[in-house]
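Undergrad: Sequence first, then the predicted structure, then my questions.
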Amino acid sequence: MGASDWAGRMCIRLEEEFEVSEDRALRITTLVRLLRGEGYEDVFGEHGSDRHQRLQKRLIDDLDKSLHEQPGDTIEERWNNLMDELNCQSRADKGVYLISWEEHDADGWQNPGVTRSRP
């Protein structure tokens, strides 16, 4: 399964389970994909490490379930709580917290609207 296939299927699940728009769900899957790239190299840790396997499960395999386990009134609050639980911001050069949907001025799907500090 490719990243696009995963993102498409996960967006549908997030839309249905959290009653959010496609753009709002895509914002989260985009950020998950970004966490695997430049500026986020240390977030997942070494391939095969315990941390890598745990994040693979929580953020990719079971993202919708992981978000359901978090407290919060919005999907963004749940995401931010998950980032705290997984200690992601301390390992990232770039921000991992999502700003609120109301504050997000989407200029394309590639900008999920992140910040380094909790909104």
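TA: Good, I have the coordinates.
Undergrad: for the longest helix seen in the chain, packing partners?
TA: In the chain, taking DSSP state H as the definition, the longest helix is helix 3-18. Packing partners of helix 3-18 (3 or more Cβ pairs under 8 Å, 6 or more residues apart in numbering; DSSP states H and E): helix 22-34, helix 63-68. Placement of C-beta: from N, CA and C, glycine included.
Undergrad: what's in contact with the helix or strand following the longest one?
TA: Scanning forward in sequence from helix 22-34 by DSSP states H and E, the next helix or strand is helix 50-55. Residues outside helix 50-55 that contact it (Cβ atoms under 8 Å, 6 or more residues apart in numbering) are Val43, Phe44, Gly45, Glu46, Leu86.
Undergrad: what mean pLDDT does helix 50-55 have?
TA: Averaging pLDDT along helix 50-55 gives 93.
Undergrad: rewinding a little: tabulate the CA atom coordinates of the longest helix of the chain in PDB.
TA: Provided in PDB are the C-alpha atoms of helix 3-18 (Å, rounded to 0.1, in the frame of the first residue of the first chain):
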ATOM      1  CA  ALA A   3       1.200   6.600   1.100                       C
ATOM      2  CA  SER A   4      -1.600   8.000  -1.100                       C
ATOM      3  CA  ASP A   5      -3.700   4.900  -0.700                       C
ATOM      4  CA  TRP A   6      -3.300   5.000   3.000                       C
ATOM      5  CA  ALA A   7      -4.100   8.700   3.200                       C
ATOM      6  CA  GLY A   8      -7.200   8.300   1.100                       C
ATOM      7  CA  ARG A   9      -8.600   5.500   3.200                       C
ATOM      8  CA  MET A  10      -7.600   7.200   6.500                       C
ATOM      9  CA  CYS A  11      -9.300  10.400   5.400                       C
ATOM     10  CA  ILE A  12     -12.500   8.600   4.800                       C
ATOM     11  CA  ARG A  13     -12.300   7.000   8.200                       C
ATOM     12  CA  LEU A  14     -11.500  10.300   9.900                       C
ATOM     13  CA  GLU A  15     -14.300  12.100   8.100                       C
ATOM     14  CA  GLU A  16     -16.800   9.500   9.200                       C
ATOM     15  CA  GLU A  17     -15.600   8.900  12.700                       C
ATOM     16  CA  PHE A  18     -15.000  12.500  13.700                       C
END
